[in-house]
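Engineer: Predicted model and sequence below, questions to follow.
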Amino acid sequence: MTLAEITAIDVGYQTAVGRVRDHNEDSLKVVRDHSLFAVADGMGGHLAGERASALAVEVLQEQVTAIETAVDGETMHTALTEANAAIFRESVEKPERRGMGTTMTALYLGPTAYWIGHVGDSRAWRIRNNVGEQITEDHSVVWEQMRAGLITAEQAERHPMRNVLTRSVGNLPEVEVDVLTGGIQRGDIWVLGTDGMTQVFDQNRIAEVVAASSNAQQAAEQMVDIAVAEDGSDNVSVVVVHCG
C-alpha cells in the first residue's frame, strides 16, 4: 500500500457525554493529512480531566506533525512522554488541577506500517477480512490480574475494579508507554474507543457494526449511539479509520 492510498482513507468520529456525566472529559484527534488519530479519556475534578485529555491530544499533534522524516515508534513514544510532562507540569503549577491525568491511544498510519502509542484503558481494534482483533492491552488492575492468570477475560470485563488504572498520562513525572507496530493491508479498518464504549463492545460486535455500516462516519455514530443507549454511565468517544 502506498502513502497516496493511505491518505485517501475514510474517517469517521463521534463523541457523547453519556446519560450520567454532566460534561465530557474525552478528547478526539483526527489529523487526516498526517494519518494521525487518537482518543483520550481524562480524569480529575474541576474540569481537570477535560483539560488533561485536550492537552494530551494537542501535544501529540504538535510532536507528530513537526517530524520531517518518517514517523516511527520513537516518534510515538516521544509524543506521549511529552504529553505526560506537559500535563504533570500544569498539574503542579495549578493546584486546582492537581492529580489530573488521561488515557491515550494514538494511531499513525504510514506507507506500509502502523504505529500505536498507548497508555491506559482506551483501546485500539483492527478489523481485517471482517474479523475484529483488539490490538492494545489495558493498563488496569483487572488486566494485570488477567495476564497473571488470576481471572478470565470474561471476569475482567465485569469486574468492579475494571476501571482502576495502573498507568495514565500526566499523573506522575514519567510514564511507561506501549508502542505497537505491524503491517497494514488494503481494507483494514481501525477503531479507537474510550472505555465508555468498551463497556458495551468487544471486537466481534465492533466488526458487526462496521460491516453493517455504509461508511466510517455511520459506523462511529452507530457505536456511540448503542453505547449510550445500553450503558451511558461514562463519556464515550470513537474514531473509525477505513484504509481502502
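Structural biologist: All right, it came through fine.

Engineer: what are the ranges of the helices in the protein?
Structural biologist: 3-6, 48-65, 73-93, 141-147, 153-158, 195-198, 203-212, 216-230 (DSSP state H).

Engineer: For residue 165, which of those is the nearest?
Structural biologist: helix 141-147 (7.8 Å; Cβ to Cβ). For every residue, glycine as well, the C-beta is placed using N, CA and C.

Engineer: Give me the contacts around that closest one.
Structural biologist: Residues from elsewhere that reach helix 141-147 (Cβ atoms under 8 Å, 6 or more residues apart in numbering): 121, 137, 151-153, 155-156, 159, 161-162, 164-166.

Engineer: Which strand residues bridge residue 190?
Structural biologist: residue 126, residue 241 (DSSP bridges).

Engineer: pretty sure it is touching residue 35, no?
Structural biologist: No: applying Cβ atoms under 8 Å as the test, residue 190 and residue 35 come out as separate, 10.5 Å apart.

Engineer: any residues in contact with both of those two?
Structural biologist: residue 109.

Engineer: circling back to that earlier point, pick out the most distant pair among the contacts of helix 141-147.
Structural biologist: 152 and 165 (20.4 Å).

Engineer: Tell me which of those two has more neighbours.
Structural biologist: Neighbours per residue, other Cβ atoms under 10 Å: of residue 152 and residue 165, the larger number sits with residue 165, 19 against 11.

Engineer: one step back: of all the helices of the chain, which lies closest to residue 24?
Structural biologist: When those are ranked by proximity to residue 24 (Cβ to Cβ), helix 48-65 comes first, at 7.0 Å.

Engineer: Nearest residue to the middle of the chain?
Structural biologist: Central residue of the chain (Cα atoms, centre = their mean): residue 105, 3.2 Å from the mean position.

Engineer: where are the low-confidence patches of this protein?
Structural biologist: 1-8, 46, 159-160, 162 (pLDDT under 70).

Engineer: With adjacent residues omitted, what lies nearest to residue 76?
Structural biologist: residue 117 (3.6 Å; Cβ to Cβ, 6 or more residues apart in numbering).

Engineer: Surely the one you found and residue 74 touch.
Structural biologist: No: Residue 117 lies out of contact with residue 74 (Cβ under 8 Å); the separation is 10.4 Å.

Engineer: neighbour-wise, which of the two wins?
Structural biologist: Between residue 117 and residue 74, residue 117 has the larger neighbour count (other Cβ under 10 Å), namely 29 against 11.

Engineer: which ones are touching the more buried one?
Structural biologist: 60, 76, 77, 79, 80, 104, 105, 106, 177, 178, 179.

Engineer: 7 Å instead?
Structural biologist: Residues near residue 117 by Cβ atoms under 7 Å, 6 or more residues apart in numbering: 76, 77, 79, 80, 106, 177, 179.
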